[in-house]
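K.L.:
Take a look and give me a structure for this.
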Amino acid sequence: MTSTPDDVTHVPDTRHPGLVSRLLGVLFSPRQTFGAVVARPRWLGALIVVALTMAGARGWLVSTEVGQQALLEQQVGAMESFGVTVSDEMYDQLAQGLDNATYFTAGSVLVFIPLVTLIQAGVVWTVCYVLLGAHTPFRAMYAVVAHAGAVNIVQQLFVVPLNYTRGVMSNPTTLAVFFPMLETGTFAQRFLGMIDLFLVWQLMVLSIGVAVLYGRRTGPIAATFYTLYAVIAVVVSFVMIRIGG
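P.N.:
Sure thing, here's the model as predicted:
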């Protein structure tokens, strides 16, 4: 019996994985997963999951007594690093401001993640258009960047419990952690503190996604991303030293 066109339309399409499968696939089989993402660029679900996970994790941390004390110490330390003497009155004002820290932290993350994703997608899309002459729908690029955010979920699941245990807000996943002998505030310490291991992973995942999107080799794209990351880290470290931050 010959199948009719109507028969074919009822055959389930298994080539497009669901949201959970895509987020896990980005971590364990990124090339194959990004192939599905590019073929059918859906970004909203991935963006929502990443944003809610990060907002929930960070919001929970600052809702605890340990997290609020760590946040307070971080704020005081930041002010003192710029030469500001924190009086008892200023300290009390900072402490009172912690009452709304949970809502402010979670809310800012919910705004920050979509905005940063949009900026990242715009920058990468523009660079590829100008340097490579590559043409692709912006929607597809935005979907690639949004799915690369799956690495941020893993980061929060690792960092938040660790910071709660440590009682601090500092980033425990930078290269500076492996060089405690470096003096605080030096260029080397600042530079290594800018190199986040999860961001290094995310840039590799993003490189694979962009390579799949444009049909290019991953190596040169990853090399470009890492070079730009290093340049930015050098510039920011130098600026922080100059302003005494």
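K.L.:
And the next helix or strand past the least confident helix or strand in the chain by mean pLDDT?
P.N.:
Across the helices and strands of the chain, mean pLDDT, DSSP states H and E gives its lowest value to helix 5-9, namely a mean of 39. Toward the C-terminus, helix 5-9 is succeeded by helix 19-28 as the next helix or strand (DSSP states H and E).
K.L.:
Show me what that next one packs onto, helices and strands only.
P.N.:
helix 30-39, helix 44-63, helix 138-148, helix 150-166, helix 197-214 (3 or more C-beta pairs under 8 Å, 6 or more residues apart in numbering; DSSP states H and E). The C-beta positions use only the backbone N, C-alpha and C, and glycine is treated the same way.
K.L.:
Quick one: residues in contact with the first one.
P.N.:
So the one you mean is helix 30-39. 15-17, 21-22, 25-26, 140, 143-144, 147, 205, 208-209, 212-213 (C-beta atoms under 8 Å, 6 or more residues apart in numbering).
K.L.:
Show me which of those is closest to residue 105.
P.N.:
Proximity of the contacts of helix 30-39 to residue 105 (C-beta to C-beta) peaks at residue 147, which lies at 24.4 Å.
K.L.:
That closest one - how many residues pack around it?
P.N.:
For residue 147, the neighbour count with other C-beta atoms under 10 Å is 29.
K.L.:
now residue 163
P.N.:
Close neighbours of residue 163, defined as other C-beta under 10 Å, add up to 19.
K.L.:
distance of the closest residue to residue 205 other than its chain neighbours from residue 53?
P.N.:
Leaving aside its chain neighbours, residue 205 sits nearest to residue 148 (4.9 Å; criterion: C-beta to C-beta, 6 or more residues apart in numbering). Separation of residue 148 from residue 53 (C-beta to C-beta, to the nearest Å): 14 Å.
K.L.:
These two: which has the busier surroundings?
P.N.:
A count of neighbours by other C-beta under 10 Å puts residue 148 above the other of residue 148 and residue 53, at 28 against 21.
K.L.:
my read: that one touches residue 202, true?
P.N.:
Yes - assessed by C-beta atoms under 8 Å, residue 148 is found in contact with residue 202 at 5.8 Å.
K.L.:
Separate out the buried members of the contacts of helix 30-39.
P.N.:
Neighbour-count burial (16 or more other C-beta atoms under 10 Å) is assigned, among the contacts of helix 30-39, to 17, 22, 25-26, 140, 143-144, 147, 205, 208-209, 212-213.
K.L.:
Just the pLDDT for the residue nearest to residue 198 when sequence neighbours are not counted.
P.N.:
The spatial neighbour of residue 198 that comes closest, neighbours along the chain excluded (C-beta to C-beta, 6+ apart), is residue 155 at 4.2 Å. Residue 155 is assigned 95 on the pLDDT scale.
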